[in-house]
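Novice: Provided below are the primary sequence and the corresponding predicted coordinates.
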Amino acid sequence: MSDAASNVQQVALITGASAGIGAQIAVLLANKGITVVGLARRVELIDDLNNQITGSGKIYSRQCDLSKEECILSAFQYVRETFPSITILICNAGMLKANFISESPGKDIKDLFDLNVVGTSICLREGLKLMKTNKTNGHIIVMNSILGHRIPEVPVPLFSVYPATKHAITALCQTVRQEIHFLKLNIKLTSISPGMVDTDFLSVYSRAVAELPKLKASDVAKAVLFALETPDYVQVEEIILQAMGRYDL
């Protein structure tokens with residue numbers, strides 16, 4: 001969404017757009033006049049977001065289980081046939097299943113990798129193919145986590161393999177960025193790595209994290225907008241943001 005692209009109709013595809021960070025991003029971009037297509041299983045929640053739109057944009061919904069390749073392919077086909085080429089892809093969908101690794105069922109471990117890593121990889125693949133075919137000046141945002149870079153010194157148990165999936169995302173972003181450069185595509189890729197965010201995502205940790213400082217979903221959405229609004233020649237590769245504890249002096 002740089003100045004050079006401001007005269008082009010912007011279309012943003014956002015995964016996991018029904019709640020939390022994804023919903024905040026969808027509303028923020030639509031209020032900037034961008035056409036937003038939200039993918040999630042609960043499409044009625046995406047549709048309700050239009051009640052928060054005061055700008056000229058609109059949010060469209062498409063039901064999609066982002067842990068299943070056939071669902072992702074169907075959603076991208078719908079977008080390809082219904083809208084102009086997407087200029088923004090935001091890979092936001094993810095899950096956390098709280099448990100000790102020593103007690104995590106194999107299905108839970110597989111589910112985490114299927115959505116957080118495999119689902120994200122397939123969305124990146126399809127988004128890149130679409131932008132490459134249409135020769136789009138595009139921008140890809142991948143929602144990572146501080147846990148994709150380091151494990152906090154203050155131990156919060158029950159992370160299971162979630163940090164491992166996010167470390168995979170960190171490596172994936174670096175690999176895809178090299179691929180974009182090798183193929184000479186005019187596509188930026190930004191990884192957003194927030195710390196703890198006050199959303200329903202943390203409900204399983206309500207006691208353990210009750211007193212810890214937290215970001216708001218809107219803080220993360222504003223970081224996304226910052227990356228999108230940089231000039232064409234500026235690529236913000238990584239944004240790491242943490243909530244600060246406030247102290248009485």
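Specialist: Noted; the coordinates are in hand.
Novice: Report the rounded mean pLDDT for the longest strand seen in the chain.
Specialist: Longest strand in the chain by number of residues (criterion: DSSP state E): strand 187-194. In this model, strand 187-194 carries a mean pLDDT of 98.
Novice: what do you get for stretch 198-216?
Specialist: pLDDT averaged over stretch 198-216 gives 67.
Novice: rewinding a little: could I have the CA atoms of the longest strand of the chain written out in CSV?
Specialist: Extracted C-alpha coordinates of strand 187-194, given in CSV (Å, rounded to 0.1, in the frame of the first residue of the first chain):
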residue,chain,number,x,y,z
ILE,A,187,6.8,-8.4,-3.7
LYS,A,188,7.7,-7.4,-0.2
LEU,A,189,7.5,-9.9,2.7
THR,A,190,7.2,-8.8,6.3
SER,A,191,7.2,-11.0,9.4
ILE,A,192,5.3,-9.6,12.4
SER,A,193,6.3,-11.1,15.7
PRO,A,194,4.2,-9.9,18.6
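Novice: All the helices of the protein, residue numbers only.
Specialist: Per DSSP state H, the chain carries helices over the ranges 20-30, 43-48, 69-82, 106-113, 120-133, 162-182, 217-228.
Novice: Of these, which is nearest Leu96?
Specialist: helix 162-182 (5.0 Å; CB to CB). C-beta here means a position set from N, CA and C on the backbone, and glycine is covered the same way.
Novice: for that closest one, what is the average pLDDT?
Specialist: Across helix 162-182, pLDDT averages out at 97.
Novice: buried residues in it?
Specialist: 162-170, 172-173, 176-177, 180 (16 or more other CB atoms under 10 Å).
Novice: cool, stretch 27-40 as well?
Specialist: In stretch 27-40, counting by 16+ other CB under 10 Å, buried: Val27, Leu28, Leu29, Ala30, Lys32, Ile34, Thr35, Val36, Val37, Gly38, Leu39, Ala40.
Novice: Spatially nearest residue to the first one (excluding sequence neighbours)?
Specialist: Using CB to CB, 6 or more residues apart in numbering and skipping residues adjacent in sequence, the residue nearest Val27 is Gln52, 4.8 Å away.
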